[in-house]
Every structure is written in structure tokens, then in C-alpha cells.
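> Let me see the structure of the following:
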Amino acid sequence: MSIEFNPITKKNISNALGIYNWYVLNSTATFHLEEIPQEELERMVSLGHSKYQSFVIEYDNVICGFCYLSQFRYKEAYDQSAEITLYLKQEMAGKGIGKTTLIYLEKVAKDNGINNLVAVITEGNNSSIALFEKVGYFKVGHLKNIGKKFGKVLDVVSYQKEI
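Modelled structure (predicted):
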């Protein structure tokens, strides 16, 4: 098993966009309701940012997902914190890629002066919750009935880890 992380660029972002838009159309993991254009994903992943970095995930030389750190809030006092996000192709679950990705992003965050990571997860996404708990994140928040997708009102939970 070989897992590699390469920065998201304009040349490979279409791979990440395809993965993300699958989640938009088929899951509640994201609250976008319609497919997004590439420019929106570029903004979401802070394309080319030195602190809030983004990566495609390659498993045995095939892109199987993407991950990124993003600004937690747009106020300077939060600059030691970031939101952590990852998306994998459905068929790649259960191979240890998620855990390896979180550990890798934690190192990147630490190297960039970030010492607090927050994951925002739709309640009911039990595999994502289990993954974050497995690597030491703990539940710090629960927003009730905060979004609506596919005709269902949804809660969102926040998980945090100090690194």
C-alpha cells in the first residue's frame, strides 16, 4: 500500500472536483445542494495558500481523494486554528487512507503554526465520526437542525484536537 500527498494545483483539481461533486449529489457530507464549479473548489481549498494547504491523495499512484486545511474563522485571533477536511472515493473506505491522511494533515498544520484542528461533520456520518475519534478528536459541539438536504433536516457536530 502506497499513499502519497501532492499539492492541489490547477492541473489536478478536476480530480478533486469530481470526488467532491459526487458527495454533493449523493450524500449529506456536504451541504452544497448542486454541483459546484472548479472556481468554487479552488476557493474552498485555498488553492496555493502557504498556510492552509490542500492535497490530492494518491493510493498506489491513483488519485483516490483530497484533503485540506482551511481558515477556521476570518479573524486574526483564530490563526492558530484550522478546519480539517477530507473526502475519499467511496470504494477507498476501510483501507487506512483516512487515518494516514489525518496524521499527515496534522503534521502539515503543526509545521505551519496551527495547533488546533476542528472537523465539522454531519451527524449520522458515523464512519467519519469514528475516523476522527480513532485519531484523538473529541466532540466539542452539536448544532441541531442546522441544515436541510434531500428533504431531511440535519444536525452538525464539531470535533476538535489540539496538536
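> Report the spatially closest residue to K148, excluding sequence-adjacent ones.
The spatial neighbour of K148 that comes closest, neighbours along the chain excluded (CB to CB, 6 or more residues apart in numbering), is L154 at 6.7 Å. Glycine gets a C-beta too; all of them are placed from N, C-alpha and C.
> Quick check: the one you found vs Q53, distance?
The gap separating L154 from Q53 is 29 Å, by CB to CB, to the nearest Å.
> Those two: which has the busier surroundings?
Q53 (23 against 18; other CB atoms under 10 Å).
> wait, the more buried one sits on F5?
No - under the criterion of CB atoms under 8 Å, Q53 makes no contact with F5, lying 9.3 Å away.
> Check which helices and strands the host helix or strand of N145 is in contact with.
Per DSSP states H and E: N145 is located in strand 138-149. Judged by 3 or more CB pairs under 8 Å, 6 or more residues apart in numbering; DSSP states H and E, strand 138-149 is in contact with strand 152-162.
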